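Asker: Predicted model follows, preceded by the sequence.
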Amino acid sequence: MPTVQSLHASLERVVRRQPGLPPPQVVVRAPGWDFEFGDVDRPFHAASVGKVMTATLIAMLIEGGQVDADTPIGRVLPGEDIAGLPAAPGTDTARDVTVEHLLTHTSGLPDYFEPPRGSSTAASTASVAQDPQRRWTPHELLAEVRHLPPVGRPGETFSYGDTAYVLLGRIAEEVTGEAFSALLASRIYERAGMTRSSTPYGDARTPEGLADLDVQPFWIGPHELSRALAVSLDWAGGGIVAPAEDLIRFQEALHGEQLVSRSTLVWMARRRHRMRPGIHYGAGLVTVRFGGFFPLLRGLPEPIGGLGSFATHMFYYPQHRAHVVLNFHADKRMQGSFQTHIRIAQIIAKQSSDRVRTP
């Protein structure tokens, strides 16, 4: 069974094996023990962890009566956003795709970031490094999917991607009349006390706008992209830069019912689809079931939160009141990030068991 000491030793081995990459950033906040590794004070690109904030913002708008989960997107988005989006035969995207379909990745729309096999876009993982200083707008991102085939009919097929969350960002803008980045700042960051969080890639207009950005480096394949304006393609799909403590503050606010009600949080977290063994998706929230990775891990607690393609994790363990934030800086480090998270989950479970046994 891993210990805090062995966890630290395993992370030191990660550093020695990959000297060209920064040390992982690891923060655990749990009753009875805290753990930090790496430069935990420096902000990092959270990647698709940011989808949790986007989903929370939409949930807040639902609770406020500004939109409903079953609202067809044609009622809240202008025609220029929807026109030409791929649709299965007999399907009308404006009429048949709902807000909930977008939140749960069941809209049937293809993804521009990881397009279907045999297709390509200029905003994909494979092509973004070819034009690193291109700035992407939401309208340009939506245009990138119009030549792609649909994934399926709305509600029938789970297919994870960023296209749906770009549409959610646009919905938030349309129903409030405010810019997406301003909505995050006023309704998420400010309420949760996230004093060092921002959306710099979406806000910058030129490469010079990122010159002084304080952010950890990150890699897609061999490409380091922390100063690439093209990272603006993340937008509402995960364009947030934040330090670990801000992400913990967000989770404290979310699970402390400071942002949405308990019933809404339960609705967001309810497992609807399996992304892959051990990883399940709700309406913006991911649940990890470690037993899906390996049978011997069955019985470990099941955290709720978000994952990002640069091997970023932000998870909360409800039964243990524990927070885990990881940043391993690169897509090729995803497996290593999960190996570390498994060790942390084992320690959290053991610490909890030990406290129960202590008279």
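Answerer: Sure thing, it's come through. Keep in mind that this is a model prediction, so the values were computed, not measured.

Asker: Please enumerate the helices of the chain.
Answerer: Taking DSSP state H as the criterion, the chain carries its helices at 4-17, 50-63, 79-82, 93-96, 99-103, 138-143, 163-176, 180-183, 190-192, 200-203, 244-255, 262-269, 334-357.

Asker: For the last one, which residues meet the burial criterion?
Answerer: Think helix 334-357. For helix 334-357, a neighbour-count test (16 or more other C-beta atoms under 10 Å) marks 334, 336-338, 340-349, 351-352 as buried. To be clear about C-beta, it is placed using only N, CA and C from the backbone, and glycine gets the same treatment.

Asker: Mean pLDDT for the helices of the chain - can I get that in JSON lines?
Answerer: Shown next, in JSON lines, are those (pLDDT from 0 to 100):
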{"stretch": "helix 4-17", "mean pLDDT": "96"}
{"stretch": "helix 50-63", "mean pLDDT": "98"}
{"stretch": "helix 79-82", "mean pLDDT": "96"}
{"stretch": "helix 93-96", "mean pLDDT": "97"}
{"stretch": "helix 99-103", "mean pLDDT": "98"}
{"stretch": "helix 138-143", "mean pLDDT": "97"}
{"stretch": "helix 163-176", "mean pLDDT": "98"}
{"stretch": "helix 180-183", "mean pLDDT": "98"}
{"stretch": "helix 190-192", "mean pLDDT": "98"}
{"stretch": "helix 200-203", "mean pLDDT": "95"}
{"stretch": "helix 244-255", "mean pLDDT": "98"}
{"stretch": "helix 262-269", "mean pLDDT": "98"}
{"stretch": "helix 334-357", "mean pLDDT": "87"}
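
Asker: now those as CSV including distance to Val288?
Answerer: Converted to CSV, these look like this (distance: least, C-beta to C-beta, whole Å):
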stretch, distance to Val288
helix 4-17, 17
helix 50-63, 13
helix 79-82, 33
helix 93-96, 31
helix 99-103, 19
helix 138-143, 28
helix 163-176, 20
helix 180-183, 28
helix 190-192, 22
helix 200-203, 27
helix 244-255, 14
helix 262-269, 12
helix 334-357, 7
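
Asker: Relative to Gln25, which of these is closest?
Answerer: When those are compared by C-beta to C-beta, helix 244-255 sits nearest Gln25, at 6.1 Å.

Asker: That closest one vs helix 50-63, what angle?
Answerer: Interaxial angle, helix 244-255 versus helix 50-63 (axes from the mean of the first three to the mean of the last three C-alpha atoms, to 10 degrees): 30 degrees.

Asker: packing partners for helix 244-255?
Answerer: Contacts defined by 3 or more C-beta pairs under 8 Å, 6 or more residues apart in numbering; DSSP states H and E place helix 244-255 against strand 25-30, helix 50-63, helix 190-192, strand 312-317, strand 322-327.
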